[in-house]
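J.: Predicted model and sequence follow; I will ask about them next.
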Amino acid sequence: MTLTKMLLPGVVAAMMPVTAWAQDTAVGEGTVVAGDADIAEAPAAAGPNLAEQLANPVADLISVPFQANYDCCYGPDDGDRFTLNIQPVIPVSVGEDWNLITRTILPVISASETVQGAGGDTGLGDVVQSFFLSPKEARNGLVWGVGPVFLYPTGKSSFSAEKWGAGPTVVVLKQGGGMTYGLLANHIWSFAGKDAASDVSATFIQPFITKTLPDTTSFGLNVEATRDWERKTWNVPINATVSHVVRFGKQPVSLAVGGRYYAESPSGGAEWGTRFVATLLFPK
C-alpha cells in the first residue's frame, strides 16, 4: 500500500465534520470536533485574531501546520503525487523590539508511476528552512521580515536536489480591516553536494491576499511561483482556499481546504491539485 493510500483518507476524514479551509504556505495535516457552543465560549482574541495571525507568515505565534497536497496529472501516464508538508513555525524573542521566526518545511512524498514501467516511489523530500528577523510592532499595519533560507539534502534520491543550498528570503505584508495582502520571496543557490547532481538556482515568489471574517472564516488566494534558472522553467500553481478556526477541547486548530490550477508547469508537470491543512495553534 502506498503512503498516499494510507494517509489521504485519514486527512480527509479528519476534516469532513467541519466547514474549513486555510493555508501555508507548505505545506500537511478518531478526534471529535468541538461544536458551535465550544467555539462561542472561546475568548474573542482566540477567534478572528488567531485567524489573522495565521495569515501573517511572521506573526508572533507558534503554529504547526500539517499540509496535505494532492497533485495530478504528471507525465504521459497522468501520474499523481501526494505530499505531506510538516511546517512548524516558531518565533523567538530577540531583545525588546525584534522576533526571529523560523519556518521549516519537511516534505513526505508518495508519487505514482508517470511513465509506463518506471514505477512509483515514496520517501522524504529536501528540507527548506527560513529565518526571518522581524520587528515586534507593526507600523500602520505594515509587517516585514528578512533573513536567510537554507536547503538541506535530506530527501530520497528521487525527491532530492542532492545539493546544499542557501540564499536570501523576505516577506512584506499589510493588515487591516480583516484584510491581509503581501509578498513572500526567496532565492536559493547550491554551494555543495553531489558533483553529479545539477546545480540549484531557484527563485520562489508568493503574492497572497486573505479576507478574514469575524467568525474566523478566511478566504485566501495566492500564487506559488518557482523559477528554475538552471532548467529555464516555471512552475506556477494558483491556490484558492477557505479556512476556519475550531477547538478540540482547549486546543485551537485551523482547518483548511482548497484547490489549485497550474497556470504553467514544466513539461510533464502537474495540471491541477487539492490541499487539506490542519494547523495546531499555540497562542501566547
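T.: Looks like it arrived, so ask away.

J.: wait, isn't residue 184 in contact with residue 146?
T.: No: between residue 184 and residue 146 there is no contact under Cβ atoms under 8 Å: 11.0 Å. (Glycine included, C-beta is placed from N, CA and C.)

J.: Quick check on those two: which one has the bigger neighbour count.
T.: When neighbours are counted by other Cβ atoms under 10 Å, residue 184 and residue 146 differ, and residue 184 comes out ahead with 24 against 14.

J.: about what we covered before: any common contacting residues for residue 184 and residue 146?
T.: Both residue 184 and residue 146 are contacted by 169, 170, 171, under the criterion Cβ atoms under 8 Å, 6 or more residues apart in numbering.

J.: Just send these back as TSV, with pLDDT, neighbour count and distance to residue 207 too.
T.: Output for the shared contacts of residue 184 and residue 146, formatted as TSV (pLDDT from 0 to 100; neighbours: other Cβ atoms under 10 Å; distance: Cβ to Cβ, whole Å):
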residue	pLDDT	neighbour count	distance to residue 207
169	98	22	15
170	98	16	13
171	97	24	11
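
J.: Return the subset of the residues you listed lying in strands.
T.: By the criterion of DSSP state E, membership of those in strands covers 169, 170, 171.

J.: Identify the bridge partners of the last one.
T.: Beta bridges link residue 171 to residue 145, residue 184 when assigned by DSSP bridges.

J.: Also residue 207?
T.: With DSSP bridges as the rule, residue 207 is bridged to residue 183.

J.: burial measure for it, as a count.
T.: With other Cβ under 10 Å as criterion, residue 207 counts 14.

J.: residue contacts, it?
T.: By Cβ under 8 Å, 6+ apart, the residues touching residue 207 are 181, 182, 183, 222, 223.

J.: could you measure the last one against residue 75, distance?
T.: Separation of residue 223 from residue 75 (Cβ to Cβ, to the nearest Å) stands at 24 Å.

J.: ok, now the second one?
T.: Distance, residue 182 to residue 75, using Cβ to Cβ: 35 Å.

J.: Also the fourth one?
T.: Here residue 222 is placed at a distance of 26 Å from residue 75 (Cβ to Cβ).

J.: any idea which element residue 82 lies in?
T.: Assigned by DSSP states H and E, residue 82 belongs to strand 79-86.

J.: Helix or strand next in line after that strand, which one?
T.: Counting by DSSP H and E, what follows strand 79-86 is strand 89-94.

J.: thought residue 243 was touching residue 211?
T.: No: with contact defined as Cβ under 8 Å, residue 243 does not reach residue 211; the gap is 10.9 Å.

J.: pLDDT averaged over the helix or strand hosting residue 63, what's the number?
T.: Per DSSP H and E, residue 63 falls inside strand 62-74. The pLDDT scores in strand 62-74 average 95.

J.: Need the CA coordinates for it. PDB is fine.
T.: Extracted in PDB, the C-alpha atoms of strand 62-74 (Å, rounded to 0.1, in the frame of the first residue of the first chain):
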ATOM      1  CA  ILE A  62       3.700  29.200  17.400                       C
ATOM      2  CA  SER A  63       1.900  27.000  14.800                       C
ATOM      3  CA  VAL A  64       2.400  23.600  13.400                       C
ATOM      4  CA  PRO A  65       0.700  23.100  10.000                       C
ATOM      5  CA  PHE A  66       0.200  19.600   8.500                       C
ATOM      6  CA  GLN A  67      -0.400  20.400   4.800                       C
ATOM      7  CA  ALA A  68      -1.600  17.600   2.600                       C
ATOM      8  CA  ASN A  69      -1.200  18.300  -1.200                       C
ATOM      9  CA  TYR A  70      -2.600  16.100  -3.900                       C
ATOM     10  CA  ASP A  71      -1.400  16.900  -7.500                       C
ATOM     11  CA  CYS A  72      -2.300  15.400 -10.900                       C
ATOM     12  CA  CYS A  73      -1.500  14.700 -13.700                       C
ATOM     13  CA  TYR A  74       2.200  14.000 -14.200                       C
END
